[in-house]
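Chemist: Just the structure for this:
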Amino acid sequence: MRQNLGAYAALTGTFALSVSPPSVLASAGVPLLDGHTKHTTPTMLQVFDEASSSFVDALSNELYDELKGSSARFVMPGGGNGSLRGGELPVTMSARTADADAAGGIRKGEPLTLTWTGNEYDRPIEDDDVIAMYCPAHEVDPRKFRDAATVAQARASTRKHLELHLKYRPDVNEKLNDEAIALTQRRLAGKEDNSWWISSFPIIREPTCEFRYWRRDGNMLQLAGRTGSLPLALSLENPTSIHIALTSEPSEMTVQFTTGAVGKPVVEYGPSNGYGKVSDFPMRADGTSTTYQASDMCQEPANITEPGKFQDPGSLHTVILTGLKPDAEYSYRVGLSYGQGIVWSSTFAFRSALPAGWSKPYSFIAYGDQGCPDDGWALGGNLTASMVRRELDGHRNGTAPIRLVHHFGDLSYSRGSAYLWDAWLDMVEPFASRLPLMVGIGNHEYDHTTGGIRRDPSGVTTDDGFHPVWGNFRTDSGGECGVPTAKRFLPPKTKQGNYTSNGVFWYAYSFGLVRTIMISSEHDLSKGSPQHMWFQHELKSVNRTTTPFVIVESHRPLYHSKPYWADNAVGIAMRAEFEDLLRKYRVDIFFAGHYHSYLRTCDGLYASKCSNGGPLHITVGTAGAQLDDMNLGLYDNVWTQKYLGVWGYIRATVHNPSLMLLEFVNARNGSVEDSVRLHRRREEER
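Modeler: A predicted model of the protein is given here:
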C-alpha cells in the first residue's frame, strides 16, 4: 500500500530540503506518527501476566508500586525480623537448578525451578500471594527486592516461557532440562503446579539470593515461606560482558569486561595455533576500571535506585592489548586480581585488524536496534545474536570471513532498567568476545530532557541535550543520557589538528579497504557545530587510494518511506544539514536504523533523486526490536528499491577496491532476502 505525501510534502518542502516544526504539521492536520514503538521493559525474571496477555513492564509495574508503597505492611511471624528457619513457616519452598549437584551454586544463564507447597491444615495457596527475590539473601528490608510476581504470574510465566522455548526457540532448547520437560507434560495434561520455571537466571552481582513467599491479606503481607540462602557461583569475581573493539592502531585491540568485585583487571594473550588453541600466554596487559552511580544519570527512571530501575553495574574494566601483528590470530583470557589470586575467564580468540589499505577480502555484519534478550521482549535479538555467532563459525575459514560487527544505536534498550545492560552484553558476548563490536548511540541511549549539565558524557553543556524545533527527541534513554554506553564502550580516538573524535558519540576507523565514520543523529549536525566540523574534516581527510570505500553510519536515516511523519521530518532536516557533504566526498553507503524495518534505496541518492551523486542508503533497524507495522505501507517516492519487515542484518563482503556485496540476511533462518552489488569505477572518481 502506497500513500500520497499530499499536504505533508507541501508543508515540509521535501524537495527544497526545508522542514516545518511538528506543531506546524499538527495544526495542518498531518498525523504525527513516528517510529517510537512502545516497548515493554521486561522484569529481571521476565514475569508474564496472563490477565493482560503480556510480559510485565519493569518500569510501570503495579506490583512493584504496591510492595514499595507506604500502605503495604510486611509482617514477620511472631513479630520477628525474618530470621526464622524455613521449616517453621507454613509454606515450604525449594529451588533447583538443572544440575542439582553442581558445585558453587546457581550460575548465570542456567534454568532455575522454584516450587512451593502449603500446609494442608493451613490456608491454601492464593493466586494473589506474592513471591519476591532478595539479593543478598540476608536483605532485611522487604521492600528491597530484585523482582516479584504474584503466584498467578509465576505460574503463567512458567507456561509462557516453556511455550516459547519449545515452539519458537530451537536455538536455546539445550536449556530445557528433564524437569522442564516434565513440567510441560503436566501442563499439557491439565495439571496445575506450584512452580516457577525461570528459563535463564540473571546476572546478579551478589554472593547469595533468597526467594520469599508473602501471604496477602488486604494490604498486609505476611512472610509464609522462604527458600533460604541460595549461593551464586562466582557472582562477584567471574568476568562477564566480555567484548572487544578496534583502536586507532591496527597493532592494538581493546578488551572490556565487568565484575562484581573490585580489583586490578588483567588480560593474558598470545598467538594461537588454530582457533582457541594456545600452549601459554606469553603477553600480559593490565588495565583500568571505572563504574557509575544513579546520581551520574540525568533523570528518572535511570537515577532512581529501586526494583526495575538503577542497580550497581559493578566494576567496568578496560585493557588495551598492544604489540599485535596484523591479521593474525590471538587467544586471550581476562581476569581480576583482587588479593586472593586471579579468577580467569574462559579462553577466547580473535583476529587482529587488517591495516588500512590491505586488500584482503573480508565481511562484516551491520545492524541497529537489537534490544534485550530472551522471552520478555521479542525473539529477534536472540535470533540475530545466534545467527551472527553461526556466521562467525561458518565463515571463519572462508575466502571472506566475518571480521567485525557494526551496531549503529539502540543497543540494550535499557532505558533506565539497568540490569538489561548485563543481559544484553551477556547475549552478544559469544561473538563480541571474538569480533570487534563497533557501536554508536541512538535515541534509546542518549535522548533526555533535563539533568544534562555536568552529567552528559558527550560534553553538551545544555541541560536537555539536543532538541531542535523539527525534532522528536524526547526521554527515550530513560534518563541514562549516554552514561552507561560511554562507560562500557571505548571506540577509537582520532585527533587531527583541532578536530577530535568524541568517544562513542562520533568517531572513525579504517579496516582494510573501508573507512567507517560513525556520527550521532542525537547531537547537533548543523553547519558550524563541533560534530559537523569534525565530520567534514574527517570526510575531507580520507585517502581514497588507501580506503576506497567510505561508509557513514548514523542511528537515524536521512531517507525512509514509512509514513512516520515526525521521524521523516528529522530525516529531512538532517539532509539539509549535511547531505551535501555525502555527495561532495563521494560517500558510498549510508547505514542507519531507528525504523524497525529494512529499506534499501536506489544508488546515488541525493536531493531525493536517484543516480545523482549520493550514496546508497540502507536502513536496517531489524536486529531484534519489535518490527514496524507493515500494514501502514509506504508513501510514494522514487527512491525505494526494497522494503522488508523481518528480523535480520546486513552481511557486507568487501571483495576488492571496486566491489562490495551487500546482503540482507533473515535472522530466523539465514536466508538472503535482498542483495546488491556495489560497483565503483574508481578511475572516474579521481
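
Chemist: Run a quick neighbour tally on the residue nearest to S229 when sequence neighbours are not counted.
Modeler: Nearest-residue entry for S229: A137, 3.8 Å, with adjacent residues in sequence omitted and distances by Cβ to Cβ, 6 or more residues apart in numbering. C-beta: built from backbone N, CA, C; applies to glycine. Around A137 there are 20 other residues, counting by other Cβ atoms under 10 Å.

Chemist: A137 reaches F211, doesn't it?
Modeler: No - with contacts counted by Cβ atoms under 8 Å, A137 stays clear of F211, the gap being 9.3 Å.

Chemist: residues shared between the contacts of these two?
Modeler: Here A137 and F211 share the contacting residues L230, scored by Cβ atoms under 8 Å, 6 or more residues apart in numbering.

Chemist: Quick check: which element contains the nearest residue to S597 once chain neighbours are set aside?
Modeler: Computed as Cβ to Cβ, 6+ apart, the closest residue to S597 that is not its neighbour in sequence is D628, at 4.4 Å. With the criterion set as DSSP states H and E, no secondary-structure element contains D628; it sits in neither a helix nor a strand.

Chemist: returning to that earlier point: so the residue nearest to S229 versus T305, what's the distance?
Modeler: Shown here: A137 relative to T305, a distance of 19 Å by Cβ to Cβ, to the nearest Å.

Chemist: Which residues does the strand or helix carrying S331 contact?
Modeler: Using DSSP H and E, the secondary-structure element containing S331 is strand 329-337. Residues outside strand 329-337 that contact it (Cβ under 8 Å, 6+ apart) are 237, 239, 242, 253, 255, 257, 259, 261, 263-272, 274-278, 281, 315, 317, 319, 321, 324, 342-352.

Chemist: Show only the entries of those residues found in helices.
Modeler: Using DSSP state H, the subset of the contacts of strand 329-337 located in helices is empty.

Chemist: just the buried members of those residues?
Modeler: Buried residues within the contacts of strand 329-337, counting neighbours by 16 or more other Cβ atoms under 10 Å: 237, 239, 242, 253, 255, 257, 259, 261, 263, 265-269, 272, 278, 281, 315, 317, 319, 321, 324, 343-345, 347-352.

Chemist: mind listing what the residue most central in space within the chain touches?
Modeler: Centroid check for the chain by Cα atoms, centre = their mean gives S412 as the closest residue, at 2.4 Å. Taking Cβ under 8 Å, 6+ apart, we find S412 in contact with Q370, G371, C372, L420, W421, A423, W424, L425.

Chemist: Let's verify the last one: helix, strand, or coil?
Modeler: Going back to what we said before, that points to L425. Here L425 is helix, with the state taken from DSSP: H, G, I helix; E, B strand; the rest coil.

Chemist: So for it, what's the pLDDT?
Modeler: Looking at L425, its pLDDT reads 97.

Chemist: ok, the spatially closest residue to it that is not a sequence neighbour - how many residues close by?
Modeler: The shortest distance from L425 to any residue that is not its chain neighbour, by Cβ to Cβ, 6+ apart, is 3.7 Å, and that residue is S241. Look at S241: counted by other Cβ under 10 Å, it has 24 neighbours.

Chemist: hang on, S241 packs against M427?
Modeler: No - the pair S241 and M427 fails to qualify as a contact (Cβ under 8 Å) at a distance of 10.0 Å.

Chemist: so F591 touches A366, yeah?
Modeler: Yes - because the distance of 5.5 Å satisfies Cβ under 8 Å, F591 is recorded as touching A366.

Chemist: between these two, who's got more neighbours?
Modeler: Neighbour totals were compared for F591 and A366, and F591 leads with 27 against 24 (other Cβ under 10 Å).

Chemist: in what helix or strand does that one lie?
Modeler: F591 belongs to strand 589-592 when assigned by DSSP H and E.

Chemist: Counting by contacts, list what that strand packs against.
Modeler: For strand 589-592, the contact count by 3 or more Cβ pairs under 8 Å, 6 or more residues apart in numbering; DSSP states H and E identifies strand 402-408, strand 549-553, strand 616-620 as packing neighbours.

Chemist: Paired strands for the last one, with orientation please.
Modeler: Spelled out, that is strand 616-620. Taking DSSP bridges as the criterion, strand 616-620 sits next to strand 589-592 (parallel), strand 598-601 (antiparallel) in its sheet.

Chemist: of all the ones you listed, which lies closest to H406?
Modeler: Ranking the strands paired with strand 616-620 by distance to H406, with Cβ to Cβ as the measure, places strand 589-592 first at 7.0 Å.

Chemist: Distance check, the nearest residue to S337 once chain neighbours are set aside against S359.
Modeler: Counting by Cβ to Cβ, 6+ apart, K264 is the residue found nearest to S337 once chain neighbours are left out, at 4.5 Å. Distance from K264 to S359, counting by Cβ to Cβ: 41 Å.

Chemist: What of P301?
Modeler: Distance, P301 to S359, using Cβ to Cβ: 49 Å.

Chemist: Could you do M630 as well?
Modeler: Looking at M630 against S359, where the rule is Cβ to Cβ, the gap reads 40 Å.

Chemist: Adjacent strands (with direction) for the host helix or strand of T516?
Modeler: When elements are defined using DSSP H and E, T516 is found to belong to strand 514-518. Paired neighbours of strand 514-518 in the sheet (DSSP bridges): strand 507-511 (antiparallel), strand 549-553 (parallel).

Chemist: could you pull out the strands for the stretch 101-250 of the chain?
Modeler: With DSSP state E, counting those that start in this stretch as the criterion, the stretch 101-250 of the chain has strands at 112-118, 130-134, 147-150, 195-198, 208-217, 220-226, 230-231, 240-245.

Chemist: that older thread, looking at the contacts of S412, which is nearest C610?
Modeler: Out of these, the member with the shortest distance to C610 (by Cβ to Cβ) is Q370, at 30.4 Å.

Chemist: that's a strand at that closest one, yeah?
Modeler: No - residue assignment for Q370, taken from three-state DSSP, gives coil, which places it outside any strand.

Chemist: tell me the average confidence for the strand holding S331?
Modeler: 95.

Chemist: chain center to the strand holding T516, what's the gap?
Modeler: 21 Å (Cα atoms, centre = their mean, to the nearest Å).

Chemist: Contacts for it next, please.
Modeler: Identification of contacts with strand 514-518 by Cβ under 8 Å, 6+ apart yields 356, 406, 408, 438, 440, 491, 506-510, 535, 538-539, 542, 547, 549-554, 654.

Chemist: Grab the nearest non-local neighbour of T158.
Modeler: In space, T158 is closest to W197, 4.3 Å off (Cβ to Cβ, 6+ apart).

Chemist: Can you list the low-confidence ranges for the stretch 1-150 of the chain?
Modeler: In the predicted model of the stretch 1-150 of the chain, residues 1-38, 78-87, 100-103, 120 satisfy pLDDT under 70.

Chemist: typo on my end, the stretch 251-400 of the chain
Modeler: For the stretch 251-400 of the chain, the stretches flagged by pLDDT under 70 are 274-279, 373-378, 396-397.

Chemist: mind redoing it with 80?
Modeler: Within the stretch 251-400 of the chain, the stretches falling below the threshold (pLDDT under 80) are 273-280, 338-340, 372-379, 395-399.

Chemist: can you count the residues close to S52?
Modeler: Once other Cβ under 10 Å is used to define contacts, S52 is seen to have 9 neighbours.

Chemist: same deal with S70?
Modeler: Residues contacting S70 under the criterion other Cβ under 10 Å number 7.

Chemist: can you check D99 too?
Modeler: The number of residues near D99, taken as other Cβ under 10 Å, comes to 11.

Chemist: What residues does the residue lying closest to it once chain neighbours are set aside make contact with?
Modeler: Counting by Cβ to Cβ, 6+ apart, E110 is the residue found nearest to D99 once chain neighbours are left out, at 7.6 Å. For E110, the contacting residues are T97, A98, D99, K175, S200, F201, taking Cβ under 8 Å, 6+ apart as the criterion.
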